[in-house]
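Visitor: missing the sequence, but the structure's below:
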């Protein structure tokens, strides 16, 4: 895509593809998706032209000299400067490897990973049907093939695979059975509100503590956030004294 391509001209001012991209970027990804077509792009260009002619008309009619405009502009300028000053105060703050390791060692209880299992299942509407399917499996029919053939659950398209889950994510009857099974075993029919399940346990992971590499980014953000808060409060406390700030409550 040629970002310098001129897509419109208003009184000598060029509107480029880069202006279109910036407009879409400001909308956010979900809204911008609505304009990802030739018709959508034309609507964006039309809107940019509309805004430009409105701006020129405002200048021609002296709206930029009106008292209300200048007051609003000053409010915007003040708020923007406050935000800019805040970013300057907390800039260049980082977390060292030593700080990250220390935080991890002191807060390991926060990085607990609960016990989890990965299971597949075949869902049918009666116990008799479940037993029939189990019989076919015992006679050589593959579990995944049986799931595709008989299961009423959408997971049948993946051979019944439900992925990995922890306690509290499945219905109680299914969960109790799955977490009590041995890996690579197949359950007897398990009844739940959805029907009868034949469960195959694929893997089991005991409760553990996340490795440092798994939570390093999370820890880094926590440390930086805490440092930024401290720097901000210390700086504003100094400035309160300098500018004789008083709070009357």
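Guide: Alright, I've got the coordinates. Remember, predicted model here, so these are calculated numbers, not experimental data.

Visitor: after the helix or strand bottoming out on mean pLDDT in the chain comes which helix or strand?
Guide: Lowest by mean pLDDT, DSSP states H and E among the helices and strands of the chain is helix 29-32, with a mean of 82. The helix or strand immediately downstream of helix 29-32 is helix 38-60, counting by DSSP states H and E.

Visitor: Show me the contact partners of that next one.
Guide: For helix 38-60, contacts defined as CB atoms under 8 Å, 6 or more residues apart in numbering pick out 7-8, 10-11, 13, 15, 19-20, 23-24, 34-35, 64. (Each C-beta comes from the backbone N, C-alpha and C, glycine too.)

Visitor: Of those, which belong to helices?
Guide: Among these, the residues falling in helices (DSSP state H) are 19-20, 23-24.

Visitor: Kindly write the ChimeraX command that selects the buried subset of the contacts of helix 38-60.
Guide: Listed next is the ChimeraX selection for buried residues among the contacts of helix 38-60, using 16 or more other CB atoms under 10 Å:
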select :7,15,19,20,23,24,35
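
Visitor: of all the contacts of helix 38-60, which two lie farthest apart?
Guide: Across these, no pair lies farther apart than 34 and 64, at 32.4 Å, counting by CB to CB.

Visitor: So what touches stretch 169-182?
Guide: The contact list for stretch 169-182 (CB under 8 Å, 6+ apart) reads 115, 117, 119, 121, 162, 167-168, 187, 190-194, 197, 199, 201, 204.

Visitor: which among those residues end up buried?
Guide: Buried among these (16+ other CB under 10 Å): 117, 119, 121, 162, 187, 190, 197, 199, 201, 204.

Visitor: Let's have those in TSV, adding distance to residue 48 and secondary structure.
Guide: Putting the buried ones among the contacts of stretch 169-182 into TSV (distance: CB to CB, whole Å; DSSP: H, G, I helix; E, B strand; the rest coil) gives the following:
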residue	distance to residue 48	secondary structure
117	54	strand
119	53	strand
121	54	strand
162	48	strand
187	62	coil
190	60	strand
197	57	strand
199	58	strand
201	58	strand
204	57	strand
